[in-house]
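*Asks:* give me a 3D structure for the following:
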Amino acid sequence: MVKRRIIWSSRAKLDLSEILDFYYQRNGTKTYSKKLNLNVRKSIRLLSKLPDIGIQTDVKNVRNLIFSDYNIFYRIGVSFIEIMTIWDSRQNPEKLDIKK
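*Replies:* Residues are numbered from 1 along each chain as shown. As a prediction, this is how the structure comes out:
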């Protein structure tokens, strides 16, 4: 089992930041945002060990790891896993574009 390096796209970083900021603004505290961030990162660390755990999407080489209400779309490379986007599944699905 080869552990792959995790690479975050700028879009994925922005997506996670916006999700965490939404809950901070809504709740008025960082408690839930910190907990959510920790759980997302645990899920992503699991990908580095078990990259095929996610569901294959219709887009070639893109997989989807479902975590709670979130979808982590990622691409597997030889020595890395690229986190492409983090999607809150409660949003309008027409806004989601994972093609690269």
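
*Asks:* which stretches of the chain form helices?
*Replies:* With DSSP state H as the criterion, the chain has helices at 10-27, 31-49.

*Asks:* show me what counts as buried in stretch 67-76.
*Replies:* F67, Y70, N71, I72, F73, Y74, R75 (16 or more other Cβ atoms under 10 Å). Glycine gets a C-beta too; all of them are placed from N, C-alpha and C.

*Asks:* nearest to L20 among the residues you listed?
*Replies:* Comparing those against L20 with Cβ to Cβ picks out Y70 as the nearest, at 11.4 Å.

*Asks:* that closest one and R90 touch, don't they?
*Replies:* No: with contact defined as Cβ atoms under 8 Å, Y70 does not count as touching R90 (9.4 Å).

*Asks:* sorry, back to before: for M84, state which of the buried residues of stretch 67-76 is nearest.
*Replies:* Nearest to M84 among these: F73, at 4.6 Å, using Cβ to Cβ.

*Asks:* how near is the closest one to K35?
*Replies:* Using Cβ to Cβ, to the nearest Å, F73 is found at 22 Å from K35.

*Asks:* per-residue pLDDT, the closest residue to S89 other than its chain neighbours?
*Replies:* Leaving aside its chain neighbours, S89 sits nearest to D69 (5.3 Å; criterion: Cβ to Cβ, 6 or more residues apart in numbering). Per-residue confidence (pLDDT) for D69: 88.

*Asks:* what's the answer for T85, then?
*Replies:* Reading off the model, T85 has pLDDT 92.

*Asks:* got it, and K99?
*Replies:* Looking at K99, its pLDDT is 60.

*Asks:* any stretches of the protein with poor pLDDT?
*Replies:* 1, 91-100 (pLDDT under 70).

*Asks:* grab the most central residue of it for me.
*Replies:* Residue closest to the mean C-alpha point of the chain, counted by Cα atoms, centre = their mean, is I72 at 2.9 Å.

*Asks:* so what's that one closest to, chain neighbours aside?
*Replies:* Distances taken as Cβ to Cβ, 6+ apart place L65 nearest to I72, at 4.4 Å, with adjacent residues excluded.
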